[in-house]
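[1] What follows is a predicted structure for the sequence shown.
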Amino acid sequence: MFENVLGESMLKIAQGKGLVKINVHNLRDWTSDAHKTADDKPFGGGPGMVMKVEPIYRALEELKASEKARVLLLTPQGKRFDQKAAKKYAGQKRLILVCGHYEGVDERVRDLVDDEVSIGDYILTCGELPALVLVDAIVRLIPGVLGHKDSVKSESFEDGLLEYPHYTRPAEFNGMKVPDVLLSGNHRRSKSGETRRL
């Protein structure tokens, strides 16, 4: 799942330029039984499986031993991820993202992380998808990743604004016309007039 997304587009280019290093780790590498079990049935019964605390603890201990890192747990209970959070995390030297699965993680994992992060109030099959959302939003804010240094300054969610609408040629298509102000050459007026506050 990770390889397909991380190996494409801007994320691939950023890694190729050496602007970011992304490693994917399998929690089964930190299990201790012959079957490499990373999940178990919940105490007290109930449906589904829960990610075990031991392999997550061991993984974090090993990964943090070489270099300090901020640890994020992807969870529905976490603080809602937004552009402000993306900027905050883009300024961190190193992040570790812990992805839940099945019914989530053993509650004790919460004591092992720095932040809990949610990408919204809905249910997903696994934590890999939210992790990829965070990676994409954060990496693009690292200086040098996007082609132009001002690319991120006028985007949606910067300073509480949605980005202005964009148009391309032709000026008219099937009766739908580009706003006249865009044809006037006064791009400053067209951008400020079309920007919408959140």
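    Perfect, thanks for sending it.
[2] Please count neighbours and contacts with C-alpha atoms only from this point.
    Fine.
[3] which stretches of this protein form strands?
    39-40, 50-51, 70-80, 95-99, 115-118, 161-162, 172-173, 176-177, 196-197 (DSSP state E).
[4] Quick one: closest of these to residue 108.
    Closest approach to residue 108 among the strands of the chain (Cα to Cα): strand 50-51, 10.6 Å.
[5] tell me the centre residue of this protein?
    The residue lying closest to the centre of the chain (Cα atoms, centre = their mean) is residue 134, at 0.7 Å.
[6] Neighbours of the residue lying closest to that one once chain neighbours are set aside, how many?
    Spatially, and ignoring its direct neighbours in sequence, residue 134 is nearest to residue 86 (7.3 Å; Cα to Cα, 6 or more residues apart in numbering). A count of nearby residues for residue 86, using other Cα atoms under 10 Å, gives 18.
[7] Relative to residue 111, how far out is residue 86?
    Residue 86 sits 23 Å away from residue 111, taking Cα to Cα, to the nearest Å as the criterion.
[8] Same question for residue 13.
    In terms of Cα to Cα, residue 13 sits 35 Å off from residue 111.
[9] what ranges do the helices span in the chain?
    2-6, 9-16, 53-66, 83-90, 128-139, 180-183, 187-194 (DSSP state H).
[10] Going by neighbour count, which residues in the first one are buried?
    The one in question is helix 2-6. Across helix 2-6, burial judged by 16 or more other Cα atoms under 10 Å covers residue 6.
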